[in-house]
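Peer 1: Pasted the sequence and its predicted model underneath.
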Amino acid sequence: MINIKAFHRLLAVLLTFALVASACTGGGDDGDGATTSGGDGTEAPEPDESDSTPEGGADETADGSDVVSAEDDAVEVVEGGTLRIGLQTEAGSLNPTNTGLNRGPIMVATAIFDTLVVVDAEGTWHNNMTESWTPNDDFTTWEVKVRPGIEFSDGLPFDAAAVVGTIEAFLADPLTSLVFKPAFDAENPVELVDDMTFLLNASGPNASLPVYFAEQLGMIGSPAWLEAAAANPELDQAPVGAGPFVLADRSQDASTVLVKNENWWRDDVDISLDGIEFFPVPQPGTRAEQLLAGDLDVVHGTAGLMIRPLREEGDAVQRIEDNSGEEFFFTMNAQVPPFDDIRVRKAATHLFPREDYATFVDQGTSLMADSLFSPENPFHDPSIKQEVDMPELAAPLIAEYCAEVPESCTDGKVNTEYQYDINLSNDQIFDVVSDAMSDHFNITVQTIPNDIHIQEVIFGQYQFASWRYHGFSDPDVDSAFLTCSTIGALSINWARNCNEDRDALFLEQRASQDFDTRYAIWQDIQKNIQESYQYVLATHTNWTVASGLNVGGLCDASAPGGAPLPCQTRGVPRLDQAFLTN
């Protein structure tokens, strides 16, 4: 018998697989107690030059984001006030231990919880709510010390027991554990040592483990709230953390109101805002209209329907555009016909109409993709090139396949189903892509609601589907979604493509702190992925955060010790230094 309540929670978590990602490359000593580093600062080879400067002119931040902003000379900070933010998505719950948080809810949750570690604009992790991370010799166990002097907003101490309790909740939940459990030892993942110290035991050597705690897994809840929410799920809507803001009011699908945490632990930071009000505005064009009308102060999103009209306003709107994370692609199910045959996957790749896609679908709002890593990513390999716009290479592959597997073909064309979720942008994508494939594929289209689309991809009930994911700055986090071990009845290896040689490379790079070593291994991994033809990559998603001229400080957040943090991470700015101006 299906547990309907659990099934709906599953759909919420599966949504995070498609939309949520975390942080960074390497680790580092931030001068405030860190005892290890995960990178030596070695530069990667120079990336390809690409002209991605937004219309209206831009400055480039250290993290590669393009920023269009007003001159600062006349800015006068207004103490107080409420920042109004339009979100791309809403969440069914704000409890990070048992639900999927996509980018809108991640922005809300980061303001409420903060995170154990943060990642700076150069991609280096830093202690935030921790004081130190000390690994053993082979990086299988990490001793972590919690930063002293922190309290949850309900007055309870932020100590090692609270952190351990939250991590255990993540790993015990049957849904969130699908994402996080593979990184930890199955028998003894976390141990409490004393009031301020705990141990993390990895599933194998893992020099990158701290970066797992830069987003959702690093959001620690008050023990009293977590216990109460376990007994009463309605309290999932009333989270209690130790971040810069505190929940004041929430009406799901209408608004979420936060107020300043007067007892936030960052003594070196002054919060100017009185509060923040978040509004879910799912239509991208509407978000742009409401920002331009002054009904919202900040919006975020990825759709050209939002980005293009805001670009047209030039410097009348402040924009932070970032193509450095997350990819839009087409995934092919390698466990079912016809894409269980690599010849069909190769043919689909050769037929992808990159030039038409760039012209008619993307319209200049994103970077076209050849690999999982954008040119700004230090793991980017400029030698990786997709074999697209090559229909002449597809014809003999399809002819050979149909001769050998005639039951999967009709009139010399491969029969397949193309699945995507219902929206106008995806209809446009289907028109362009299916037209390019029509000489060699008989395509049946299936358009379904987003939650059902996600469900069917996770359960492997698809052949060819559009998808958005990957693009992590530290690719070790990506490996969970590409490895054989995560293929099952429920699979977060979307393509269900298993390669044991690739898995061995994942283990090898995970054990190393040396960037040059990891970069060389990831060159081999990227080539392996390319040669498996499991994805047809389209674009590096352009996450844009835009604000009116009455907003400042979105690029001013810093780690303890002063390292600048990115203006945004995949659509999520840190808001503790945001302010309103006159």
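Peer 2: Thanks, I have the structure now. Numbering: from 1, shown residues only.
Peer 1: only C-alpha atoms for contact and neighbour calcs from this point on.
Peer 2: Noted.
Peer 1: Can you show me the strands along the stretch 201-350 of the chain?
Peer 2: All strands of the stretch 201-350 of the chain, identified by DSSP state E, counting those that start in this stretch, fall at 245-251, 255-260, 275-280, 298-301, 318-322, 327-332.
Peer 1: pLDDT weak spots in the chain?
Peer 2: Within the chain, the segments meeting pLDDT under 70 span 1-74, 424, 471-473.
Peer 1: can you list the domain ranges for it.
Peer 2: 4-323+543-581, 327-540 (automatic domain parsing).
Peer 1: Distance of Ser479 relative to Arg502?
Peer 2: Per C-alpha to C-alpha, to the nearest Å, Ser479 is found 9 Å from Arg502.
Peer 1: List the buried residues in stretch 430-446.
Peer 2: Buried residues in stretch 430-446, counted by 16 or more other C-alpha atoms under 10 Å: Phe430, Val432, Val433, Ser434, Ala436, Met437, His440, Phe441, Asn442, Ile443.
Peer 1: got it, and stretch 190-207?
Peer 2: Residues 190-192, 196-207 are the ones in stretch 190-207 that count as buried (16+ other C-alpha under 10 Å).
Peer 1: Repeat that for stretch 265-285.
Peer 2: Neighbour counts using 16+ other C-alpha under 10 Å place 265-266, 271-281, 284-285 of stretch 265-285 among the buried residues.
Peer 1: Same question for stretch 455-465.
Peer 2: Using 16+ other C-alpha under 10 Å as the test for burial, stretch 455-465 gives Gln455, Glu456, Val457, Ile458, Gly460, Tyr462, Gln463, Phe464, Ala465.
Peer 1: Now for the second one: which residues touch it?
Peer 2: Read it as Glu456. Glu456 makes contact with Tyr462, according to C-alpha atoms under 8 Å, 6 or more residues apart in numbering.
Peer 1: Let me know whether Leu247 touches Leu258 as I believe.
Peer 2: Yes: with contacts counted by C-alpha atoms under 8 Å, Leu247 reaches Leu258, the gap being 4.5 Å.
Peer 1: Disregarding residues adjacent in the polypeptide, which is nearest to Gly552?
Peer 2: Excluding the flanking residues, the one nearest Gly552 by C-alpha to C-alpha, 6 or more residues apart in numbering is Phe579, at 5.2 Å.
Peer 1: I misspoke; the intended subject was Gly241.
Peer 2: Nearest residue to Gly241 in three dimensions, chain neighbours excluded: Phe113, at 4.3 Å (C-alpha to C-alpha, 6+ apart).
Peer 1: Show me what the longest helix anywhere in the chain packs onto, helices and strands only.
Peer 2: Secondary structure of the chain per DSSP state H: the longest helix is helix 515-532. Other elements packing on helix 515-532 under the criterion 3 or more C-alpha pairs under 8 Å, 6 or more residues apart in numbering; DSSP states H and E are helix 500-510.
Peer 1: Would you mind getting the angle between the helix it packs on and helix 515-532?
Peer 2: Following axes from the mean of the first three to the mean of the last three C-alpha atoms, to 10 degrees, one obtains 160 degrees for the angle between helix 500-510 and helix 515-532.
Peer 1: can you list the residues that contact helix 500-510?
Peer 2: With contact meaning C-alpha under 8 Å, 6+ apart, helix 500-510 is reached by 204-208, 476, 479, 483-484, 517-518, 521-522, 524-525, 528.
Peer 1: what does stretch 333-351 give?
Peer 2: Here stretch 333-351 makes contact (C-alpha under 8 Å, 6+ apart) with 332, 386-391, 393-395, 397-398, 401, 408, 414-416, 436-437, 460, 462-464, 494-497, 532-536.
Peer 1: and stretch 480-489, how far apart are its ends?
Peer 2: One end of stretch 480-489 to the other measures 16 Å (C-alpha to C-alpha).
Peer 1: which residues are contacting that stretch?
Peer 2: Stretch 480-489 has contacts (C-alpha under 8 Å, 6+ apart) with 179, 182, 459-460, 492-494, 496-500, 502-503.
Peer 1: and the gap between the residue nearest to Gly552 and Gly553?
Peer 2: Using C-alpha to C-alpha, Phe579 is found at 6 Å from Gly553.
Peer 1: Also Asn377?
Peer 2: Per C-alpha to C-alpha, Asn377 is found 25 Å from Gly553.
Peer 1: okay, the two: which has more neighbours?
Peer 2: The residue with more neighbours, out of Asn377 and Gly553, is Asn377; 24 against 18, by other C-alpha atoms under 10 Å.
Peer 1: What's the separation between that one and Ser371?
Peer 2: Asn377 sits 11 Å away from Ser371, going by C-alpha to C-alpha.
Peer 1: cool, Tyr401 as well?
Peer 2: Taking C-alpha to C-alpha as the measure, Tyr401 and Ser371 are separated by 27 Å.
Peer 1: Compare the two (neighbour count), which wins?
Peer 2: Of the pair Tyr401 and Ser371, Ser371 is the one with more neighbours under other C-alpha under 10 Å, namely 26 against 20.
Peer 1: The more buried one: which element?
Peer 2: Taking DSSP states H and E as the definition, Ser371 sits outside all helices and strands.
Peer 1: can you check Val545 too?
Peer 2: Per DSSP H and E, Val545 falls inside strand 543-547.
Peer 1: need the next SSE after that strand, C-terminal direction.
Peer 2: Criterion used, DSSP H and E; the element after strand 543-547 is strand 551-552.
Peer 1: Report the strands that pair with that following strand, each with its relative direction.
Peer 2: Strand 551-552 has the following sheet partners, assigned by DSSP bridges: strand 579-581 (antiparallel).
Peer 1: Run through who's touching the partner strand.
Peer 2: Contact with strand 579-581 is made by 75-81, 83, 272-273, 549-553, as judged by C-alpha under 8 Å, 6+ apart.
Peer 1: Just the closest of those residues to Val317, please.
Peer 2: The shortest approach to Val317 among those belongs to Leu549, at 6.3 Å (C-alpha to C-alpha).
Peer 1: ok, the closest one to Ser485 distance?
Peer 2: In this view, Leu549 and Ser485 are 49 Å apart by C-alpha to C-alpha.
Peer 1: How about Gln88?
Peer 2: Taken as C-alpha to C-alpha, the span from Gln88 to Ser485 is 32 Å.
Peer 1: Over to Ala183?
Peer 2: In this view, Ala183 and Ser485 are 11 Å apart by C-alpha to C-alpha.
Peer 1: Among the two, which residue is more densely surrounded?
Peer 2: For the pair Ala183 and Ser485, the greater number of neighbours falls to Ala183 (20 against 15), based on other C-alpha under 10 Å.
Peer 1: Wait, the more buried one touches Ala202, no?
Peer 2: Yes: assessed by C-alpha under 8 Å, Ala183 is found in contact with Ala202 at 5.8 Å.
Peer 1: can you count the residues close to Leu372?
Peer 2: Leu372: 29 surrounding residues under other C-alpha under 10 Å.
Peer 1: What residues sit buried inside stretch 214-229?
Peer 2: Using 16+ other C-alpha under 10 Å as the test for burial, stretch 214-229 gives 214-223, 225-226, 229.
Peer 1: Of those, which is the nearest to Arg354?
Peer 2: Distances from Arg354 to these, taken by C-alpha to C-alpha, are shortest for Glu215, at 33.1 Å.
Peer 1: ok, now how distant is the closest one from Asn450?
Peer 2: To Asn450, Glu215 is 24 Å away according to C-alpha to C-alpha.
Peer 1: Now for Thr256: which residues touch it?
Peer 2: Shown in contact with Thr256 (C-alpha under 8 Å, 6+ apart): Leu247, Ala248, Asp249, Arg250, Glu277, Phe278, Phe279.
Peer 1: same deal with Gly275?
Peer 2: Contacts for Gly275 (C-alpha under 8 Å, 6+ apart) come out as Gly80, Gly81, Thr82, Leu83, Phe245, Val257, Leu258, Val259, Lys260.
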